[in-house]
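J.: Can you look at this prediction? I've put the sequence above it.
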Amino acid sequence: MNPTDKTSFLDTAPAPTLAFGIGLRRPHFDDLLNPWPGVDFLEIISENFMNFGGRPREVVKAAKERFPLILHGVSLSIGGLDPLKEDYLEKLKALADLVDPPWFSDHLSYSSHWGVEYHDLLPLPFSEEAVEHVVARIQQVKKVVNRPFLLENPSYYIEMPGKEMSEAEFLTEVVERADCGLLLDINNVFVNATNHGYDPYEFLGQVPANRIRQYHMAGHDDSRSFLVDSHGSHIHPEVFKLYKHALTEVAKVWTLLEWDNAIPSLEVLLKENQLVRKAASEALGDSFIVEVAS
Ligand SMILES: [Fe+2]
């Protein structure tokens, strides 16, 4: 990257700031007219809105009137071997133009092959060849959508053959050489560290802090032999502990509560979001608590 290049991520992405948000999911569309105390922004799943007119499009417009929105994708398949789908990228760009988010994001993984959608986020080998492959595809995405792009560290349960570097080195190489940002999922760091036997605190010290603009917080399940990134339960105390460390030692950025399975009532989500705000308050010695009616 040319140091005088003013189109770089670090020059064009919004500066890091603190904010707390939750994912807008279908069961809560009707709640959009109600108060959402403690919610500074909403994250929407891009694929839920990019293919539809009608109600989803009306919902996204209504949400945009009340909250800053960010786009999070699940099927870009940035690491896949199939060519990136041009119609997908064009629809993503159209949605981004409608929503005008500060950034959009997807996962450092692949989710389709030979045209078959797996509906799962599969890991890449931590290799130089994979870095080069993903970096070239990120350039293609950035060129079409033309907005700051964040890549998320996914959870993974098997290590692909061909490993030449650590997960943190792989993530760092990709985001720095692609000149994009990092969406650090704190729960994924904890789940991966536990399942693959590394220190999550060391991991946080190894990724490029200056490129982080967002955290994800979520619940996981313990299958007894390994942890499962389920997004269907309350945030684990150890993940809160890691989050506090990230806030004080790594970056102070937007935090998104992800709850995608067994989605609870808005009231439960707001209370969980309040716990995230409380953890940030304890970590940073400031008060981010907002009253949530019980
Ligand atoms: Fe996540």
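T.: Good, I have the coordinates.
J.: Assign residue 279 to helix, strand or coil.
T.: Using DSSP: H, G, I helix; E, B strand; the rest coil, the structure places residue 279 in helix.
J.: Can you give me the distance of the residue of the stretch 51-200 of the chain found nearest the ion to residue 102?
T.: Per Cβ to the ion, the residue of the stretch 51-200 of the chain with the smallest distance to the ion is residue 185, at 3.7 Å. Where C-beta positions appear, they are placed from N, C-alpha and C, glycine not excepted. To residue 102, residue 185 is 18 Å away according to Cβ to Cβ, to the nearest Å.
J.: Between these two, which has more neighbouring residues?
T.: residue 185 (24 against 18; other Cβ atoms under 10 Å).
J.: On the strand side of things, show who that one bridges to.
T.: residue 216 (DSSP bridges).
J.: quick one: buried residues of stretch 149-159?
T.: Buried positions in stretch 149-159, judged by neighbour count with 16 or more other Cβ atoms under 10 Å: 149-156.
J.: Reformat the residues you listed as CSV; add distance to the ion, pLDDT and secondary structure.
T.: Putting these into CSV (distance: Cβ to the ion, whole Å; pLDDT from 0 to 100; DSSP: H, G, I helix; E, B strand; the rest coil) gives the following:
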residue, distance to the ion, pLDDT, secondary structure
149, 15, 97, strand
150, 11, 98, strand
151, 11, 98, strand
152, 5, 97, strand
153, 8, 97, coil
154, 8, 95, coil
155, 8, 92, coil
156, 13, 91, coil
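J.: could I get those as TSV with distance to residue 80?
T.: Output for those, formatted as TSV (distance: Cβ to Cβ, whole Å):
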residue	distance to residue 80
149	16
150	19
151	14
152	16
153	17
154	13
155	18
156	15
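J.: closest to residue 228 among the residues you listed?
T.: Comparing the buried residues of stretch 149-159 against residue 228 with Cβ to Cβ places residue 155 closest, at 8.2 Å.
J.: pretty sure the closest one is touching residue 229, no?
T.: Yes - in this structure residue 155 lies within contact range of residue 229 using Cβ atoms under 8 Å: 3.7 Å.
J.: what touches both of those two?
T.: Taking Cβ atoms under 8 Å, 6 or more residues apart in numbering as the criterion, residue 155 and residue 229 both touch 187-188, 191.
J.: Which one (most neighbours) among those?
T.: In terms of neighbour count, residue 191 stands highest of the shared contacts of residue 155 and residue 229 at 27 neighbours, by other Cβ under 10 Å.
J.: who touches that residue in this structure?
T.: Going by Cβ under 8 Å, 6+ apart, residue 191 touches 155, 220, 227-229.
J.: buried stuff in the helix or strand hosting it?
T.: Element membership for residue 191 (DSSP states H and E) is helix 186-196. For helix 186-196, a neighbour-count test (16+ other Cβ under 10 Å) marks 186-193, 195 as buried.
J.: Turn the shared contacts of residue 155 and residue 229 into a markdown table, including pLDDT and distance to the ion.
T.: Converted to a markdown table, those look like this (pLDDT from 0 to 100; distance: Cβ to the ion, whole Å):
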| residue | pLDDT | distance to the ion |
| --- | --- | --- |
| 187 | 97 | 7 |
| 188 | 97 | 6 |
| 191 | 96 | 10 |
